[in-house]
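> mind looking at a prediction? Sequence and model below.
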Amino acid sequence: MAFSTIGSSGEAAIHGSVADALRGRRRSDTRGWAFEIGLLASLLICLLILGALILTVVTDGMPVYSDRGWEFLDGGLSSIADRAGISQGIVGSFWIAVCVVVVAIPIGVGSAIYLEEYAPRTKLTSFIELNIRNLAGVPSVVYGLLGLAIFVNTFHGFSGADGIERSTLAAAGVTLAVLVLPIVIITTAEAIRAVPQALREGAYGVGATRWEVIRSQVLPYAAPGIFTGSLLSIARAIGEAAPLIVIGAVTGFFSAGEGLNAQNVTDPSHLSERFVALPSIVTTWAKQPDEEFKVSNAAATIIAMLVFVLLINSIAIVLRNRFEKKRSS
Amino acid sequence: MTKVTIGRQSTATEDVPLGQGIEVAHQGEANAASLPVVFTVKDLSAFYGDFRAVRDVTLDVRQHQITAFIGPSGCGKTTVLRCFNRMNDLIPGARTEGTLEYHGVPLYGADVDPVEVRRRIGMVFQKPNPFPKSIYDNVTYGPKLFGTRKRAELEEVVETSLRKAALWDEVKDRLKESAMGLSGGQQQRLCIARAIATNPEVVLMDEPCSALDPIATARIEDLMQEIKTEFTIVIVTHNMQQAARVSDSTAFFSTEVNPESDRRTGVLVEFDKTETIFSNPSDERTENYITGRFG
């Protein structure tokens, strides 16, 4: 190096010391190492529990499907274990999902849009928001009591019949819709809050009204989040057993239903009748002394429920990805 | 293009360059005072809640002129600009006192619809903020809001707006592609096209080049010169050279500290034709700022 003012031996010494420093007699980083191991252990424990859960359910439940197949899904409740099926449960869970879609999602999304876009930022608004967050944490059985007091007793399960308590599927569906309402509001509000202010200003800047800004910019941008939140709330609703039992899901055995066909599942007359749903069937069967009910049939029902929920979640993921691609491309 | 300058305080002073190397593009010749006044601002103060962000702003913005607001950070220049199309309405607690008239109509009058205001007074923001839609949809967004539905008309608007924004040649073959795929400078020109597509009278620009490189900045400055024959432009800029290059008149804002509350309030120090501000300012604070002794 022509411009070097120190001799080559001095330069070599500097190089040597820099090289030593960089290659590093590393400080022993015990804490960092222990932290990483701790994190990994937590993850492994989670995976282990999940794996064990799925393994038990599948080993217990799959024989029912391999032995009886479609017949198990198609059959009605029965006190004879190898005749019992879950068709009424599927019908019940389907209509609960419909109630969530029809009741909770429009009301929840509407409330969230109002809170985020229209409501003045006052103490009252933040108080309301805080309470919605708290509602999302209320135990589901409490919602069961609410449903029992209001939808079953006061509104007679929306059956139109006077003076009688009616534990109808409609009452159950509406109760679960109310249960997931705070979740829909919170996820929607968060999706709306994530819309960049610059986007709103851009639209206001060319003379859009508030409604036009919301319709053309805010909602399209927030749509993936709103969809995901809505679908997850459906998944939550169809997994709940406790409120259904409080409201009066059938917990005994009653004889075979009509079986599953498209017309039967989608017949809205189910709404004014007594009901079961997949999770309430699981709780009922799991209490039976009979091993075939307690183990095999309950596990097989859980498999059906898991497939149902996974299906909804994958729809959520696909829809979200599609929307996000549209947003960024 | 005839370059005209404004001279509200037109005390005929000789132009003594301060010698800090800022060139002023506009040599005042015609009498700008004859141009119609678009904005009349008198003793305007803007508040955020109890906090007075800027006070005592008095200036006139004239048609087909570029008026620049310069000054250090926090001096309220953006706040004043955002009052001009009532963009500050979006911030809870924001309000104004004093006179702010647009063609003689008080902009903050009780019966004035802010949406109508923004239709006449467009805005370009500091960070390019195209909508996550196609280039075509970005430009047609405003015209569609105002009821233009015919395809031919919309296509016409897209072409003329993009041509005025000096973007047409770069994007004419990919109008249906997403605006998010454009470079920063192209996005900002698209935002200008979007703002002028509704044919506003005024275009407000809030530091439109602060996120752009020098080449993109130069393109936007050229473009401003071209469109000022059709629009009145008010620009906020941090960049003094930019104000000197593009503007006809310049308002210099500074801050004052309130000794009681220790809060800073912006204040308009001086407003004059750009040439005068940069060569012979009447206020010492202006001179200190433009010669680089402060700010």
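In hand now; what should we look at?

> does whichever residue of the stretch 201-329 of chain A sits closest to chain B belong to a helix, a strand or coil?
Closest to chain B within the stretch 201-329 of chain A is A:G207: 3.4 Å, counting by Cβ to the nearest Cβ. From N, CA and C alone the C-beta is placed, and that goes for glycine too. The three-state label given to A:G207 by DSSP: H, G, I helix; E, B strand; the rest coil is coil.

> B:V236 and B:C75 touch, don't they?
No - using Cβ atoms under 8 Å, B:V236 makes no contact with B:C75, being 10.1 Å away.

> which non-adjacent residue is nearest the residue of the stretch 201-329 of chain A closest to chain B?
B:R119 (3.4 Å; Cβ to Cβ, 6 or more residues apart in numbering or on different chains).

> which ones are touching the one you found?
A:206-207, B:142, B:146, B:198, B:200 (Cβ atoms under 8 Å, 6 or more residues apart in numbering or on different chains).

> how near is the residue of the stretch 201-329 of chain A closest to chain B to A:V141?
52 Å (Cβ to Cβ, to the nearest Å).

> for the residue of the stretch 201-329 of chain A closest to chain B, phi and psi?
Per-residue torsions, A:G207: phi 100, psi 30 (degrees, to the nearest 10).

> that one and B:P143 touch, don't they?
No - assessed by Cβ under 8 Å, A:G207 is found out of contact with B:P143, at 10.4 Å.

> follow-up on the earlier one: Produce a ChimeraX select command limited to the buried residues of the contacts of B:R119.
Buried members of the contacts of B:R119, defined by 16 or more other Cβ atoms under 10 Å in any protein chain shown, are picked up in ChimeraX with:
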select /A:206,207 /B:142,198,200
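
> check the contacts of B:R119 and tell me the two furthest apart.
Using Cβ to Cβ, those reach their maximum pairwise distance at B:F146 and B:P200, which is 11.1 Å.

> where do the strands sit along the stretch 151-300 of chain A?
Remark: no strands are assigned in the stretch 151-300 of chain A by DSSP state E, counting those that start in this stretch.

> again with the stretch 1-150 of chain B
In the stretch 1-150 of chain B, the strands defined using DSSP E, counting those that start in this stretch lie at B:4-5, B:30-31, B:37-48, B:51-62, B:66-70, B:94-102, B:105-106, B:121-124.

> need those in JSON lines (columns: mean neighbour count and distance to A:C46).
Converted to JSON lines, the strands of the stretch 1-150 of chain B look like this (neighbours: other Cβ atoms under 10 Å in any protein chain shown; distance: least, Cβ to Cβ, whole Å):
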{"stretch": "strand B:4-5", "mean neighbour count": "23", "distance to A:C46": "71"}
{"stretch": "strand B:30-31", "mean neighbour count": "12", "distance to A:C46": "77"}
{"stretch": "strand B:37-48", "mean neighbour count": "19", "distance to A:C46": "47"}
{"stretch": "strand B:51-62", "mean neighbour count": "20", "distance to A:C46": "49"}
{"stretch": "strand B:66-70", "mean neighbour count": "27", "distance to A:C46": "57"}
{"stretch": "strand B:94-102", "mean neighbour count": "18", "distance to A:C46": "49"}
{"stretch": "strand B:105-106", "mean neighbour count": "12", "distance to A:C46": "64"}
{"stretch": "strand B:121-124", "mean neighbour count": "26", "distance to A:C46": "50"}
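
> show me which residues of the stretch 151-300 of chain A are close to chain B?
By the rule Cβ under 8 Å from any Cβ of the partner chain, the part of the stretch 151-300 of chain A lying against chain B is A:196, A:198-209, A:212, A:216-217, A:220-221.

> kindly recompute the last result at 10 Å.
Proximity of the stretch 151-300 of chain A to chain B (Cβ under 10 Å from any Cβ of the partner chain) is limited to residues A:196-210, A:212-213, A:216-217, A:220-221.

> out of the residues you listed, which are buried?
A:199-208, A:210, A:212-213, A:216-217, A:220-221.

> for A:F275, which non-adjacent residue is spatially closest?
According to Cβ to Cβ, 6+ apart, the nearest residue to A:F275 is A:L169 (3.8 Å).

> that older thread, so which of the buried ones among the residues of the stretch 151-300 of chain A next to chain B are in helices?
A:199-205, A:210, A:212-213, A:220-221 (DSSP state H).

> tell me the spacing between the one residue in the stretch 51-200 of chain A that gets nearest to chain B and B:K127.
When distances are taken as Cβ to the nearest Cβ, the stretch 51-200 of chain A reaches nearest to chain B at A:A198, 3.8 Å away. Distance of A:A198 to B:K127, given as Cβ to Cβ: 6 Å.

> surely B:F252 forms part of a strand?
Yes - with three-state DSSP as the criterion, B:F252 is assigned to a strand.

> state the distance from it to B:I135.
To B:I135, B:F252 is 37 Å away according to Cβ to Cβ.

> and the residue of the stretch 51-200 of chain A closest to chain B, what does it touch?
By Cβ atoms under 10 Å, 6 or more residues apart in numbering or on different chains, A:A198 lies in contact with A:205, B:125-130.
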